[in-house]
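**Q** From the sequence below, what's the structure:
(4 chains)
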2 protein chains.
Amino acid sequence: MQEEINDKLKNYFSEGMEVFLPHVSINVVVFAYDDFKLKVFLKNIPQLKSWLLPGGHVRRDENLEEAAYRNLSLFGVNNVFIRQIKSFGDVDRVSDIVPTDYKAEFAKSEFAKWATQRFISVVYYGLVRFRDVEPTTSDFFGESTWMDVNDLEPMVMDHAEIIHETKKLLINELLTHPVAFNLLPETFTLNDFRGLYEAILDRSIDRGTFRRKMLKQGLVEKVDLRKDVLGRPAHLYRFNKKVYYKSLEQEAKFGF
Amino acid sequence: MQEEINDKLKNYFSEGMEVFLPHVSINVVVFAYDDFKLKVFLKNIPQLKSWLLPGGHVRRDENLEEAAYRNLSLFGVNNVFIRQIKSFGDVDRVSDIVPTDYKAEFAKSEFAKWATQRFISVVYYGLVRFRDVEPTTSDFFGESTWMDVNDLEPMVMDHAEIIHETKKLLINELLTHPVAFNLLPETFTLNDFRGLYEAILDRSIDRGTFRRKMLKQGLVEKVDLRKDVLGRPAHLYRFNKKVYYKSLEQEAKFGF
DNA sequence: TCAAAAGTGTTTCAGCTACACCCATGA
DNA sequence: TCATGGGTGTAGCTGAAACACTTTTGA
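**A** Prediction:
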């Protein structure tokens, strides 16, 4: 069992040294929205207690963005909207990445050296619909899970810092570009939408004000179906792609 | 002469393969403001007709930001405010970087291969005071110059695209954080300041509105000296560092 | 008919815009 | 005293915030 995992890792890395660029990796901070909370997608590797961001190496023949998509799909994350944030490359950021149990055997091997050398990680943020991702567990890739962004368990290396910085940048993104719709299902009520913003900004937003603002933008259009829950049923809306793409290009307003 | 340059390059690269990380480079898009125009600092390398961004490789023992500062100072750019933007790493972005005249001799050498392999460039923007930088010419590093950002000569590789994208990001920066003061001399009039914003945003801004907004922020404080030019002399102002650092941390406002 | 949640109307306030007017200086 | 630019006052518009009010449904 342990043998088998070791073999898999050995293959991965020995092949990796040919196929992948050294010193360069990608990571994606994948966000989703569920139960009025903002979640991050995390994984671990077997034998390693703390958590890490999904990501991996970059093939010599693929672009950075392609590497991000490819690695995410390994963890069952598809249909994801990604945007590059920045890169993290301090000299000493690779430290505890090799699981303790492996160290004894692997410490002297070529691929352990390769994997623990200095890496510049190009970081993306990702937005997915919560229901589109099913966290899984595998011998090789370990366990994956959603975690509340405000309540993270211990993270490997500088990943906690990366999440923290990325969240700050995401907030700015959401305030200037209406990328939020990548976090919502196909159709949604305006209250769902508002709840998302409240979760991200961590404050309440007036119902009427939010409603009027969104409708005025034309960003959202009525589908005219209704929900079957308690109280007066809400209209369902979906995003207007055209208005969305247009507003993606707009620059910020003047006013510090 | 040509021999000498070749030797220098040869040393640079042969040492470089030991000292520098492969596949990772940094570039900085350095902006300055002069004559009501936004300028970019560019260089060429001898024998190469088109222009490129200042930058270079990353030492194995230095952080990315340190590499940016070190490389800039090689070109006489000091006292510069920098911030990381993002990274550019498409597979085919390194293409025409080796000067044609060198190709014949160097094509088969180790360091030519090293230098023309795929590089992920971590890009920063930089802001300096125009008067603080004196473009120079040297045999090894070539010629450097300021160029109007709206009127660029042909650039090497993807550098034109990098400048273009960086400028867009810079505009957003300037609209949300008052980093502009890094482009102005120690003291300045409010009209200088306004001119800077007009140059960057490429539109006119009402004098009164701009004035009131800046003064209200408390970002700027009167030094009470005066200019000796035609017409009524203006007050000179300088930045209030405290208010500046505070506003750097603020997040954007709600309102798409 | 009542509770629950959706949706609307309206007042208030702050801030930006535009533009006119006044002020200080040197020639 | 006039040209040149610095500095101020203000009316009007826009849009956010707050909160009360109305509507629609299921039980």
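**Q** got the residues of the stretch 1-150 of chain A near chain B?
**A** Remark: the part of the stretch 1-150 of chain A in contact with chain B comprises A:21-24, A:58, A:60-64, A:84-87, A:89-91, A:118, A:120, A:122, using C-beta under 8 Å from any C-beta of the partner chain. Where C-beta positions appear, they are placed from N, C-alpha and C, glycine not excepted.
**Q** in the stretch 151-256 of chain A, what residue is nearest DNA strand D?
**A** Of the stretch 151-256 of chain A, the residue with the smallest distance to DNA strand D, taken as C-beta to the nearest atom of the strand, is A:Arg232 at 2.6 Å.
**Q** Can you point out the buried residues in the host helix or strand of A:Asn172?
**A** For A:Asn172, the enclosing helix or strand under DSSP states H and E is helix A:159-176. For helix A:159-176, the neighbour count (16 or more other C-beta atoms under 10 Å in any protein chain shown) marks A:159-160, A:162-163, A:165-167, A:169-171, A:173-176 as buried.
**Q** Might one say that A:Glu110 is in contact with A:Met17?
**A** Yes. Proximity of A:Glu110 to A:Met17 meets the contact threshold set by C-beta atoms under 8 Å, at 7.1 Å.
**Q** So what touches stretch A:152-169?
**A** The list of residues contacting stretch A:152-169 from outside it, by C-beta atoms under 8 Å, 6 or more residues apart in numbering or on different chains, reads A:27, A:29, A:38, A:40, A:42, A:48-53, A:85-86, A:88, A:90, A:93-97, A:121, A:123, A:125, A:147, A:149, B:251.
**Q** Among those residues, the buried ones, what's the PyMOL command?
**A** Below is the selection syntax for PyMOL that covers the buried ones among these, with 16+ other C-beta under 10 Å defining burial:
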select buried, chain A and resi 27+29+38+40+42+48+51+52+53+85+86+88+93+94+121+123+125+149
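**Q** Next step: the contacts of stretch A:152-169 restricted to strands.
**A** The strands in this structure, assigned by DSSP state E, contain A:Asn27, A:Val29, A:Leu38, A:Val40, A:Leu42, A:Ile85, A:Lys86, A:Phe88, A:Ser121, A:Val123, A:Tyr125, A:Met147 from the contacts of stretch A:152-169.
**Q** can you list the residues of chain A near DNA strand D?
**A** Selection of chain A residues close to DNA strand D by C-beta under 7 Å from any atom of the strand yields A:205-209, A:212-213, A:226, A:228, A:230-233.
**Q** Least confident of these?
**A** pLDDT across the residues of chain A next to DNA strand D is at its lowest for A:Asp228, which sits at 72.
**Q** pLDDT below threshold where in chain A?
**A** In the predicted model, chain A carries pLDDT under 70 at residues A:1-3, A:5-6, A:8-10, A:13, A:95-109, A:252-253, A:255-256.
**Q** which ones are touching the residue of it found nearest DNA strand C?
**A** With C-beta to the nearest atom of the strand as the measure, A:Gly231 is the residue of chain A nearest to DNA strand C, at 2.5 Å. With contacts taken as C-beta under 8 Å, 6+ apart, A:Gly231 has no neighbouring residues.
**Q** Specify the local secondary structure of it.
**A** Assigned state for A:Gly231: coil (three-state reduction, DSSP: H, G, I helix; E, B strand; the rest coil).
**Q** That one and A:Val94, how far apart?
**A** Shown here: A:Gly231 relative to A:Val94, a distance of 53 Å by C-beta to C-beta, to the nearest Å.
**Q** Could you pull out the helices in the stretch 1-150 of chain A for me?
**A** Taking DSSP state H, counting those that start in this stretch, the helices of the stretch 1-150 of chain A run over residues A:2-19, A:64-74, A:100-106, A:110-116.
**Q** Which elements pack onto the last one?
**A** Put plainly, it is helix A:110-116. helix A:2-19 (3 or more C-beta pairs under 8 Å, 6 or more residues apart in numbering or on different chains; DSSP states H and E).
**Q** what domains does the record give for chain A?
**A** Chain A breaks down into these domains under automatic domain parsing: A:2-175, A:186-249.
**Q** Which of these sits closest to B:Ala68?
**A** With C-beta to C-beta, the closest approach to B:Ala68 among the domains of chain A belongs to domain A:2-175: 11.1 Å.
**Q** Let me see the ranges of the helices in the stretch 151-256 of chain A.
**A** Using DSSP H, counting those that start in this stretch, the helices of the stretch 151-256 of chain A run over A:159-176, A:190-201, A:207-217, A:241-249.
**Q** Please identify which of those helices is closest to B:Phe188.
**A** Distance to B:Phe188, taken as C-beta to C-beta, is lowest for helix A:159-176 among those, at 28.1 Å.
**Q** Just the angle for that closest one relative to helix A:241-249, thanks.
**A** Inter-element angle recorded for helix A:159-176 and helix A:241-249: 110 degrees (by axes from the mean of the first three to the mean of the last three C-alpha atoms, to 10 degrees).
**Q** Since that was my last question, I'll sign off now.
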